[in-house]
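Asker: okay, sequence plus prediction incoming.
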Amino acid sequence: MSELSPYFCPKCGHYAYFQLSRNALCHRCHIRLRRLEMSYRTFTDMDLIERDRLITRKIIEAAPSLAGTISETEEADNHRRLIARLTSEYENLTEENRKLNQTVEWMHDTIWDLLRQRNELKRMLEDMQAAQK
């Protein structure tokens, strides 16, 4: 009987132990698990953090495009760039807000002018009707 070997999922990082590689399927992703090139004993002697680091490294090696995604996230975490982007966005929103406030003021003034004109016309009409009686 063959010895247990550690396997990991290159997609989700799930790991398990199997004697036969044909049984090594990820129960989450339903894809073939990859064998770690170490013994069961060596893997189980690692603490949880060491296992996570090893599997993370193996996932990155298995999917080179993932390394690009991680570095993009790292760049997004660059605070100077983030502050610059937020400052620019703040300035754009401030300008847009100023324009919208001007539009609201113009609409407010226009509405009051139209109401005044309507009331004047209404009074004039009432005066004409009263004069005709």
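Answerer: Received the coordinates, thanks.

Asker: identify the residues contacting the nearest residue to residue 9 once chain neighbours are set aside.
Answerer: Excluding its sequence neighbours, the residue lying closest to residue 9 (C-beta to C-beta, 6 or more residues apart in numbering) is residue 26, at 3.9 Å. Just so you know, the C-beta spots here come from the backbone N, C-alpha and C atoms, and that holds for glycine as well. By C-beta atoms under 8 Å, 6 or more residues apart in numbering, the contact list for residue 26 reads 9, 11, 12, 14, 32, 33.

Asker: which among those residues count as buried?
Answerer: Among these, those buried by neighbour count (16 or more other C-beta atoms under 10 Å) are 9, 11, 33.

Asker: for the helix or strand containing residue 83, the distance to its chain's centre please.
Answerer: Using DSSP states H and E, residue 83 sits within helix 79-132. Put simply, helix 79-132 sits 35 Å off its chain's centre (C-alpha atoms, centre = their mean, to the nearest Å).

Asker: tell me how this protein divides into domains.
Answerer: 5-76, 78-133 (automatic domain parsing).

Asker: any idea which of those scores lowest on pLDDT?
Answerer: With a mean of 83, domain 5-76 has the lowest mean pLDDT of the domains of the chain.

Asker: can you give me the neighbour number for residue 130?
Answerer: 8 (other C-beta atoms under 10 Å).

Asker: before we move on, what about residue 117?
Answerer: Residue 117 is flanked by 10 other residues according to other C-beta under 10 Å.

Asker: kindly report the same for residue 55.
Answerer: Using other C-beta under 10 Å: residue 55 sits among 21 other residues.

Asker: now for the helix holding residue 83, which elements pack on it?
Answerer: Using 3 or more C-beta pairs under 8 Å, 6 or more residues apart in numbering; DSSP states H and E as the contact test, no helix or strand touches helix 79-132.

Asker: and the strand or helix carrying residue 44, how far from the chain's centre?
Answerer: Assessed by DSSP H and E, residue 44 sits inside helix 40-45. Computed by C-alpha atoms, centre = their mean, the chain-centroid distance of helix 40-45 equals 37 Å.

Asker: which outside residues touch it?
Answerer: 3, 4, 5, 6, 17, 36, 51.

Asker: report the buried members of those residues.
Answerer: 5, 6, 36, 51.
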